[in-house]
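In: sequence unknown, structure follows:
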């Protein structure tokens, strides 16, 4: 609607602001039950994040295109005891093949017992999901005794994507 401004006594104008980007958070959780076992996660790198894209704005939706497969490597600082995610599994537990648009996540995990470092483990995992414009996501993994050692793992490191809310 058209609004004409006066010197004073103007009515409020309705305005809705929405983000066209998606906010993505990677978090790692300590899955050890023992109160003496802690983890330190560091050298976290996220690969396959698009460097550029084009947004087609719609009334009720936004479509991204023209990513040109140009990607960035995102490097983050260190995290500990609280903050990860991995290959997608189907209902039968079979790992879904990771496609080119999946985030590749590499990181190191130190296992500490009574604050004494036991060993460092190097991880590579994949997180795959289709983000929606304006939404916020927490991509999370739990590090525990079954998946901390990628060479002798009993279970894979898996990322679970949770849509948190709109920005």
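Out: That came through, no problem. Predicted, not measured: the structure shown is a model, and the values here were computed from it.
In: so where's the chain uncertain?
Out: Where the chain drops to pLDDT under 70, the residues are 1, 3, 57-101, 153, 156, 165-167.
In: can we see that at 80?
Out: The chain contains residues with pLDDT under 80 at 1-6, 11, 13-22, 33-34, 48-102, 128-135, 153-167.
In: and the contacts of the helix or strand hosting residue 108?
Out: Per DSSP states H and E, residue 108 falls inside strand 103-113. By Cβ atoms under 8 Å, 6 or more residues apart in numbering, the list of residues contacting strand 103-113 from outside reads 26, 28, 34, 36-49, 84-86, 117-128, 139, 143, 148, 159. In this view, the C-beta of every residue, glycine as well, is placed from N, C-alpha and C.
In: tell me the buried residues within these.
Out: Buried members of these, scored by 16 or more other Cβ atoms under 10 Å, are 26, 28, 37-41, 44, 46-48, 84-86, 121, 123, 125-128, 139, 143, 148, 159.
In: circling back to that earlier point, give me the buried positions along the strand holding residue 108.
Out: Applying 16+ other Cβ under 10 Å to strand 103-113 flags 103-105, 107, 109-112 as buried.
In: cool, stretch 131-150 as well?
Out: So, applying 16+ other Cβ under 10 Å, buried residues of stretch 131-150: 133-144, 147-148.
In: ends of it, what's the gap?
Out: Terminal residues of stretch 131-150 are spaced 28 Å apart (Cα to Cα, to the nearest Å).
In: quick one: residue 143 from residue 47, how far?
Out: Residue 143 sits 20 Å away from residue 47, going by Cβ to Cβ, to the nearest Å.
In: right, I'll call it a day here.
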